[in-house]
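> One predicted model, sequence on top.
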Amino acid sequence: MPYCQVSDGDNAIQIFYQTFGHGPTKVLLLIGLAATHEGWGPQIKGLTGSDIANDDDNNTGLMVDNEGGYNGNGVQVCGLDNRGMGRSSVPVDKSHYSTTIMAKDAIAVMDQLGWKKAHIFGHSMGGMIAFKLAALVPHRVLSLAVLNVTGGGYQILPKPCRLTVSIMVRFFLAKTPEDRAAVDLDTHYSQDYLDDYVGESTRRAILYQEYVDAISNTGMQSNHGLEGQLSACWNHKMTPSELERIRSAGFLISVIHGRQDIIAQISHAKRLALKLVPCAKLVDFQAGHLVTHERTDEVNEELLTLIKASESRISPREWTNLADRTSSEWIGPRMLALTTSATRSTQSSFEQINRFLIYFFGAFLVVLEYMRRLMGRFKPVKVASSITAA
């Protein structure tokens, strides 16, 4: 199995990774919180034409189907397990977790593979890591795609509504794979998607059993790994100089999001995209947090379009669908937004109180559970390898 050893103070950290497909186009996939690289499964198959790892014993050869002699789209992808999850090492101290540290882990994997440049795609926490990687080594980034990402810190707090409070309560009370699967479905997908029928069963019923099986059959993420990755998300921040370093590098950027995402609110992603004009393009879908699974075909098409646009050297201003903030196109909508904001500030006191109580109750539950962990009464539950929580 392929591992990349990175220095971590006096200790050595092992980062597990796998490659898929063959071809001159290189893509690095960075996954989110509490997930392994297998969470990119639909994109791995969509980009390379195969979901069998190159180091897998069942991989007997290439299916040549294009002029270049490569399978799929002539794309080779690499997916890695972030430190704290999957088959990678799990440092105990939270100080060994940050999005910058994990970006350096990813760069080390690129070095070991001999990849001088690559397209960098990140989902959720993986998007935060992708941003840090792009700021650290912009000259090695061919294009950047961030999916369902926020700016970290308070932005990782879920959308204030009754559903998120319900999810938090059930998450803390979940003691079995069945309990956890039910919570994860509401976290990852839009309600409309779950309620759709596939044959005689709802998609919720079908996915529920898949989640139960996955959670039952995979190993547990340790408390150290979960708390370390959560700490990395909470402390993540992109400085103005880092964002400018990315923007001035000139590579194309896709910001892809699900409009029904209750974990990473789309308003945060829009603000990030606007800071990266003219290089950024914003694409949103009717989907929840796992837009990669809920709208697989559309997401894969967007990623392939990004790759092709980068290779054909389309200019950023041809790529972006966002107005430059210094242009008259931006000023008009901005003034309208300010007016709308002022109007919304007159919303009823009842609604404001209701949102406050929801947040207060949710924060209380978080603190309560944290105290329970400190007292040693919290038992971790298994987390599916193909599921990303944030």
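Okay, I see it.

> the helices in the stretch 201-350 of the chain, which residues?
Here the stretch 201-350 of the chain has its helices, by DSSP state H, counting those that start in this stretch, at 203-217, 223-235, 240-249, 266-275, 291-294, 296-311, 316-319, 328-344, 349-374.

> now the fourth one and helix 240-249, what's the angle there?
On the basis of axes from the mean of the first three to the mean of the last three C-alpha atoms, to 10 degrees, helix 266-275 is oriented at 60 degrees to helix 240-249.

> if we can go back for a sec, now the weakest link among the helices of the stretch 201-350 of the chain, please, by mean pLDDT.
Here the lowest mean pLDDT among these goes to helix 328-344, at a mean of 41.

> Point me to the helix or strand that includes the closest residue to Leu173 other than its chain neighbours.
Nearest residue to Leu173, sequence neighbours excluded (C-beta to C-beta, 6 or more residues apart in numbering): Asp179, at 7.0 Å. Yep, even glycine has a C-beta here, placed from its N, CA and C like the rest. Per DSSP states H and E, Asp179 falls inside helix 177-188.

> what angle separates that helix from helix 203-217?
Using the same axes, to 10 degrees: helix 177-188 against helix 203-217 is 130 degrees.

> Helix 177-188 - contacts with which helices or strands?
With contacts taken as 3 or more C-beta pairs under 8 Å, 6 or more residues apart in numbering; DSSP states H and E, helix 177-188 sits against helix 162-173, helix 203-217.

> of all the ones you listed, which lies closest to Ile31?
Of all the helices and strands packed on helix 177-188, helix 203-217 sits nearest to Ile31, with 14.8 Å by C-beta to C-beta.

> quick revisit: only the C-alpha atoms, please, for the helix holding Asp179, written as CSV.
Provided in CSV are the C-alpha atoms of helix 177-188 (Å, rounded to 0.1, in the frame of the first residue of the first chain):
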residue,chain,number,x,y,z
PRO,A,177,-24.8,2.3,13.2
GLU,A,178,-28.6,2.6,12.6
ASP,A,179,-28.9,5.8,14.7
ARG,A,180,-25.8,7.3,13.1
ALA,A,181,-26.9,6.5,9.5
ALA,A,182,-30.3,8.2,10.0
VAL,A,183,-28.5,11.4,11.2
ASP,A,184,-25.9,11.3,8.4
LEU,A,185,-28.5,11.2,5.7
ASP,A,186,-30.2,14.4,6.9
THR,A,187,-26.8,16.0,7.2
HIS,A,188,-25.5,15.1,3.8
